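Engineer: Got a predicted structure here, sequence first:
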Amino acid sequence: MLVNNIKPDDHIFPSATKSCAILGRFDLGQSIHCLVLKTGYETDVFVASSLVDMYGKCGKIKVARRLFDEMPERNVVSWSGMIYGYAQLGEYGEALMLFKQALYKRLDMNDFTFSSVVQVCANWTLLQLGKQIHGLCFKTNYDLSSFVGSSLISLYSKCGVIKGAYRVFDEASLKNLGMWNAMMIACAQHSHTEKTFDLFKRMEGLGVKPNFITFLCVLYACSHAGFVKKGQHYFELMKEYGIEPGDQHYASLVDLFSRAGKFQEALSIIREMPIQPTESVWGAFLTGCRIHGNTELAAYAADRIFELGPVSSGLHVLLSNAYAAAGRYEDAAKARKMLRDLGIKKETGLSWVEEGNKVHTFAAGDRSHAKTKEIYQKLEELGDEMERAGYIADTSFVLREVDGEEKNQTIRYHSEKLAVAFGLITFPPDRPVRVMKNLRICGDCHTAIKFMSKCSGRVIIMRDNNRFHHFEGGKCSCGDYW
C-alpha cells in the first residue's frame with residue numbers, strides 16, 4: 001500500500017497497530033506511530049486509542065500513559081487499553097484507579113474493560129470489590145460475555161469461593177474455550193479432580209477442541225492428586241489433537257512423577273525431552289526432591305540448573321531449603337550467599353485476610369497489627385486445645401540452625417497461623433475463614449490448621465502459591481498430597 005503511494009487513514013492505522021499488538025511487535029508499532037505523526041492523524045481519537053492499546057499490550061506502559069494523557073478526547077478503547085496494560089504488568093492499583101476514573105466520567109465500558117478489571121480483583125483476591133463489579137456486569141448485561149465469564153470464574157476461584165465459580169459457569173449459555181479452561185483449572189486447584197476430568201469429557205462431547213492450556217489444566221489436576229497413569233494418558237492424548245508438548249507440559253509431567261516420588265522416571269523424561277529442559281522443568285523436579293527429602297538428587301538438579309545461566313530466586317531458595325531440611329546448613333548458607341552475591345532477595349512469606357474493604361497482611365512473628373494481643377491470645381488458647389487433641393509441632397520445617405525451644409517459638413507464629421487466628425476472632429462462626437499466602441504452606445502449618453479447624457469447629461480455606469486447601473473437621477481437601 002505504501003509502495004503504491006496510497007496513504008493510510010483513520011481506518012487503516014488502527015488495523016495496523018492492532019496487528020502489532022497481537023504480534024507483540026513494539027518496533028513495528030513505533031514505526032507506524034512515526035507515520036501517524038507525519039500524516040497528522042495523532043489527534044484522531046480512533047488512531048490515538050489504537051496506539052495506546054498497542055503500547056499497553058506490548059508492555060510499554062509509560063509511552064502508553066503519555067499518549068493517553070495527551071489525548072484531547074478518549075474513548076472506551078483508550079481507557080481499556082490503559083487498564084489492560086497496567087493489569088498485565090501487575091500494576092493493579094493503577095488499573096483500579098483508572099477504572100474508578102472511568103466510572104466517574106460515566107464512560108460506557110465494554111466486555112474487554114470489565115474482563116481486565118475483574119482479573120485484577122482475582123489476582124489481588126479482592127472478593128468484595130470483585131462482587132461489586134460482577135453486579136455492574138450484570139446490570140449492563142456484560143456478564144453474558146465469555147471473556148467476562150472467564151474472569152469471573154477466575155475471581156471466585158482465586159478468592160476461595162468455588163461455588164461462585166460453578167454458578168458463573170453453569171449460568172453461561174455460551175461457553176468459549178477460555179471458560180472451559182478457567183473452570184477446569186479452578187476445579188484442579190480446589191482438589192475437585194474428578195470434576196476436572198468430567199469437564200474435559202463434556203467439552204469433548206460438545207465438539208469443543210482442547211488447546212495447550214486445556215492439557216496443562218488436566219495435567220495439573222493429575223499431578224496434585226497423584227494420578228500418574230492418568231497424567232500419562234492425557235500427555236499422550238495431546239498428540240492425537242495435533243498439539244506438540246511444550247516446556248510447560250513437560251514441566252507438568254516431571255512434576256507429576258516427582259511428587260509421586262518416581263525420580264528415575266522423571267529424570268528419564270528430562271533426558272529424553274526433544275527440547276532443552278527449562279528452569280520450570282528442573283524447578284518441578286527440585287520441588288519433588290524437597291517434598292521427599294532427596295537432597296542428593298536435588299544437588300544433581302542444581303548443577304544442571306546452574307548450567308542454564310541466571311535463574312529465578314525461587315530455585316535458589318528451593319535448593320537452600322532442601323539442604324537446610326536435611327541438616328546440611330553449610331550448603332544451605334552457600335546457596336543463600338550465592339543469592340546475595342547476585343543481588344537477589346528472597347521473597348518474604350506473607351499471609352493475608354480480606355475484611356470488608358480492607359486487607360490484613362501478616363508476616364512470621366508479626367506484632368504490628370492493631371489486634372496483635374487478641375491474635376496471640378487466640379493462638380495460645382488454640383495451642384493448648386490442639387496439643388490435647390494430639391498436635392505436635394514439627395520443627396523440621398524451621399530451616400535455620402537454632403536450638404529446639406527457639407524452633408518451637410519460630411514455627412508457632414508463622415504468618416498462616418496469625419492470619420487464621422485473626423480470622424477466627426473477626427468473622428462470625430458460620431463464615432469460612434479465607435486466608436491467602438504468597439508461598440507454599442509449610443508442612444507444620446498444614447497439620448496445625450487441620451487441628452485448628454477441628455478444635456474451633458470452623459471451615460478454614462487456605463490458598464498458597466499452588467492450590468487451595470479446604471480444612472474442615474480436622475481434614476484437608478488435598479488429602480495431605482500437595
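Structural biologist: Done, it's in.
Engineer: Please compute how far the longest helix belonging to the chain lies from its chain's middle.
Structural biologist: Counting residues, the longest helix found in the chain (DSSP state H) is helix 372-388. Put simply, helix 372-388 sits 31 Å off its chain's centre (Cα atoms, centre = their mean, to the nearest Å).
Engineer: swap in stretch 67-79?
Structural biologist: For stretch 67-79, the distance to the chain centre is 31 Å (Cα atoms, centre = their mean).
Engineer: what about the chain, any weak spots by pLDDT?
Structural biologist: Residues of the chain that meet the criterion pLDDT under 70 lie in 2-3, 306, 309-311, 322, 325-326, 395-410.
Engineer: could you redo the last one with a cut-off of 50?
Structural biologist: 399, 401-405 (pLDDT under 50).
Engineer: Asn211 is in contact with Glu244, isn't it?
Structural biologist: No: contact criterion Cβ atoms under 8 Å: Asn211 and Glu244 do not qualify, at 11.9 Å. For every residue, glycine as well, the C-beta is placed using N, CA and C.
Engineer: the more surrounded of those two?
Structural biologist: Asn211 (15 against 10; other Cβ atoms under 10 Å).
Engineer: tell me the contacts of that one?
Structural biologist: By Cβ atoms under 8 Å, 6 or more residues apart in numbering, Asn211 lies in contact with 177, 181, 243.
Engineer: related to what we said a few turns ago, and the longest helix of the chain, which residues are buried?
Structural biologist: Buried residues in helix 372-388, defined by neighbour count with 16 or more other Cβ atoms under 10 Å: 375-376, 378-379, 382-383, 386.
Engineer: Which of the contacts of Asn211 ranks first by neighbour count?
Structural biologist: Asn181 (23 neighbours).
Engineer: Do I have it right that that one meets Val218?
Structural biologist: No: contact criterion Cβ under 8 Å: Asn181 and Val218 do not qualify, at 10.1 Å.
Engineer: Could you tell me how many residues sit around Tyr55?
Structural biologist: Neighbour number of Tyr55 under other Cβ under 10 Å is 28.
Engineer: Any buried residues in the one helix or strand Tyr166 maps to, and which?
Structural biologist: Using DSSP states H and E, Tyr166 maps to helix 162-171. Buried residues in helix 162-171, defined by neighbour count with 16+ other Cβ under 10 Å: 162, 164-166, 168-169.
Engineer: Who are the packing partners of it?
Structural biologist: helix 146-158, helix 177-189 (3 or more Cβ pairs under 8 Å, 6 or more residues apart in numbering; DSSP states H and E).
Engineer: try 10 Å
Structural biologist: helix 127-139, helix 146-158, helix 177-189, helix 193-205 (3 or more Cβ pairs under 10 Å, 6 or more residues apart in numbering; DSSP states H and E).
Engineer: quick check: angle from the second one to helix 162-171?
Structural biologist: What separates the directions of helix 146-158 and helix 162-171 is an angle of 160 degrees, with axes from the mean of the first three to the mean of the last three Cα atoms, to 10 degrees.
Engineer: Does Trp206 touch Met179 like I think?
Structural biologist: Heads up, residue 206 is Leu, not Trp. No: counting by Cβ atoms under 10 Å, Met179 is not a contact partner of Leu206; they are 12.0 Å apart.
Engineer: Looking at the two, which is more packed in?
Structural biologist: Under the neighbour definition other Cβ under 10 Å, Leu206 and Met179 were set side by side, and Met179 has more, 23 against 9.
Engineer: could I get the helices and strands packed on helix 162-171 as a markdown table with distance to Cys455?
Structural biologist: Listed next are those as a markdown table, based on distance: least, Cβ to Cβ, whole Å:
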| stretch | distance to Cys455 |
| --- | --- |
| helix 127-139 | 26 |
| helix 146-158 | 28 |
| helix 177-189 | 27 |
| helix 193-205 | 28 |
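Engineer: hmm, back to that, tell me which of the buried residues of helix 372-388 is nearest to Phe197?
Structural biologist: Taking Cβ to Cβ as the measure, Phe197 sits nearest to Met386 out of those, at 36.0 Å.
Engineer: tell me the contacts of the closest one?
Structural biologist: 379, 392-393, 447-452, 454-456 (Cβ atoms under 10 Å, 6 or more residues apart in numbering).
Engineer: 6 Å - rerun?
Structural biologist: Contacts for Met386 (Cβ atoms under 6 Å, 6 or more residues apart in numbering) come out as 451, 455.
Engineer: Roughly how far does it sit from Asp366?
Structural biologist: For Met386, the distance to Asp366 (Cβ to Cβ, to the nearest Å) stands at 20 Å.
Engineer: for the contacts of Asn211, which one is nearest Cys478?
Structural biologist: Nearest to Cys478 among those: Asn181, at 21.8 Å, using Cβ to Cβ.
Engineer: In which helix or strand does the closest residue to the closest one other than its chain neighbours reside?
Structural biologist: Leaving aside its sequence neighbours, Asn181 sits nearest to Ile213 (Cβ to Cβ, 6 or more residues apart in numbering; 5.0 Å). Assigned by DSSP H and E, Ile213 belongs to helix 212-223.
Engineer: same check, this time on Phe362
Structural biologist: Applying DSSP H and E, one finds Phe362 within strand 358-363.
Engineer: what's the angle between the helix holding Ile213 and helix 177-189?
Structural biologist: 10 degrees.
Engineer: I'd assumed Ser351 was in a strand, is it?
Structural biologist: Yes: secondary structure assignment places Ser351 in a strand (DSSP: H, G, I helix; E, B strand; the rest coil).
Engineer: residues near it, how many?
Structural biologist: Other residues close to Ser351 by other Cβ under 10 Å number 28.
Engineer: just Val76 next, same as before
Structural biologist: The number of residues near Val76, taken as other Cβ under 10 Å, comes to 15.
Engineer: quick one on the thing from earlier: rebuild the buried residues of helix 162-171 as JSON lines, extending it with distance to Met462.
Structural biologist: Below are these laid out as JSON lines (distance: Cβ to Cβ, whole Å):
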{"residue": "Ile162", "distance to Met462": "13"}
{"residue": "Gly164", "distance to Met462": "18"}
{"residue": "Ala165", "distance to Met462": "17"}
{"residue": "Tyr166", "distance to Met462": "20"}
{"residue": "Val168", "distance to Met462": "23"}
{"residue": "Phe169", "distance to Met462": "23"}
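Engineer: what's the closest of those residues to Glu355?
Structural biologist: Gly164 (18.4 Å).
Engineer: Could you find the closest non-adjacent residue to that closest one?
Structural biologist: Tyr156 (3.4 Å).
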